[in-house]
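> quick one, what's the 3D model for this:
(one chain, ligands or ions: 1)
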Amino acid sequence: MREWENNIRKVTPYTPGEQPKQPDVIKLNTNENPYPPSPKVLDELRRMSTDTMRKYPDPTARELVSAIAEEYRLRTEQVFVGVGSDDVLAMCFLTFFNSQKPILFPDITYSFYDVWAELFRIPYERPALNEKFEIVKEDYYKENGGVVFPNPNAPTGVQMPLADIEDILRHNQDVIVIVDEAYIDFGATSALGLLEKYENLLIVQTFSKSRSMAGMRIGYAFGSEELIRHLNDVKYSFNSYTMNETAIRLGTAAVCDSEYLEETRRRIMATRERAKQELAKLGFSFTDSQANFLFVTHESCPARELFEVLKEAGIYVRYFDKPRIDNYLRITIGTDEEMDALYRFLRDYLPV
Ligand SMILES: *Cc1c(COP(=O)(O)O)cnc(C)c1O
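This is a model prediction of the structure:
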């Protein structure tokens, strides 16, 4: 063995969902929003010149930070922004999870958490969700180096009541607690109201799902001024110019259109509730998802088989070959037309 191989940081990277190149597939596999971003985003794009590219961006992304702060009625010092919430979460892990004690996150959850923990060499433990795929709050009362979980959880869509989140916070005042609210706009209750009370709480959200801008890579975090200051210190020690000027300007335009967000998220939630009825008729069972996806299992047809035949039919959904969830599919909520095509295929394929 060559000596330098010992000095390489070897990691098993996160595997994102497939991005098929064929134009006509029905893409229900990566929780993208089926509707375009706010029309204000396109207006802003049309106003842009190549000067946006020639110059360095504003390293503080002041315009975007101010717009987010205003929208959520916070001070600008309470807002951190990054290149998608993946970047924001990675910065949070790097900044706040530096204890010898293990950080805690669920056994079934966003599959990037263990990747970052491995990358940054953070010890971790994964308390099991219960049989109903719910987080058991008491599992998070033991000594730890930090806590992180999504609400609603991914890929289950299960939301945790705010009172339970507060119980976890109350039992964890010596560490940072991160609530990943990537799907919060689809019906669950945000922990935003707890910010004033818990200075160790960080809330992470994204433009990728409810604001239809996954391709622009914009994420943000809310926290106490002190936590946000520490996050910025780490970020500026790593790379000052993470967010490009186009993302800053288009993101600002999107935040300022709360009416459009309201309209599209309502539409997706309505389609989701219809999907629950349709899929139940077809022999599926599922959690009461409060996200823009359903997490489903069929009474007789194995999930892996369905995943394969759906893909052959040009309908992409997500399958996780992992313990406890290897008979489940995660189906992103598309437009009504896309969902109708899914039900039609399943009606034909599944035994009656
Ligand atoms: C989609 C997702 C993210 C990351 O989204 P970005 O596109 O990086 O903003 C983070 N956490 C969860 C739970 C997600 O599902």
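
> show me where the stretch 1-150 of the chain has helices.
With helices called from DSSP state H, counting those that start in this stretch, the stretch 1-150 of the chain shows them at 39-47, 51-54, 62-71, 84-96, 113-119.

> same list, those helices, but as CSV with distance to the ligand and mean neighbour count please.
Bear in mind the C-beta positions are built from the backbone N, C-alpha and C, glycine included. As requested, those are exported to CSV (distance: least, C-beta to the nearest ligand atom, whole Å; neighbours: other C-beta atoms under 10 Å):
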stretch, distance to the ligand, mean neighbour count
helix 39-47, 16, 14
helix 51-54, 22, 10
helix 62-71, 14, 18
helix 84-96, 3, 23
helix 113-119, 9, 19
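
> out of those, flag the one nearest Arg274.
Minimum separation from Arg274 across the helices of the stretch 1-150 of the chain (C-beta to C-beta) falls at helix 39-47, 25.8 Å.

> picking up where we left off before, mind putting the helices of the stretch 1-150 of the chain into CSV with distance to Thr287 and mean pLDDT?
Formatted as CSV, these follow (distance: least, C-beta to C-beta, whole Å; pLDDT from 0 to 100):
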stretch, distance to Thr287, mean pLDDT
helix 39-47, 32, 97
helix 51-54, 43, 94
helix 62-71, 30, 98
helix 84-96, 22, 98
helix 113-119, 19, 97
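
> all strands of this protein, in order?
Secondary structure of the chain, counting by DSSP state E: strands at 26-27, 79-82, 103-104, 124-125, 147-150, 177-180, 201-206, 219-222, 284-286, 293-298, 315-316, 318-319, 329-332.

> in TSV: those strands, plus mean pLDDT.
As requested, the strands of the chain are exported to TSV (pLDDT from 0 to 100):
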stretch	mean pLDDT
strand 26-27	97
strand 79-82	98
strand 103-104	98
strand 124-125	98
strand 147-150	98
strand 177-180	98
strand 201-206	98
strand 219-222	98
strand 284-286	98
strand 293-298	98
strand 315-316	98
strand 318-319	97
strand 329-332	98
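
> could those go into JSON lines alongside distance to Glu138?
Formatted as JSON lines, these follow (distance: least, C-beta to C-beta, whole Å):
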{"stretch": "strand 26-27", "distance to Glu138": "39"}
{"stretch": "strand 79-82", "distance to Glu138": "31"}
{"stretch": "strand 103-104", "distance to Glu138": "12"}
{"stretch": "strand 124-125", "distance to Glu138": "14"}
{"stretch": "strand 147-150", "distance to Glu138": "13"}
{"stretch": "strand 177-180", "distance to Glu138": "15"}
{"stretch": "strand 201-206", "distance to Glu138": "19"}
{"stretch": "strand 219-222", "distance to Glu138": "26"}
{"stretch": "strand 284-286", "distance to Glu138": "26"}
{"stretch": "strand 293-298", "distance to Glu138": "24"}
{"stretch": "strand 315-316", "distance to Glu138": "38"}
{"stretch": "strand 318-319", "distance to Glu138": "30"}
{"stretch": "strand 329-332", "distance to Glu138": "27"}
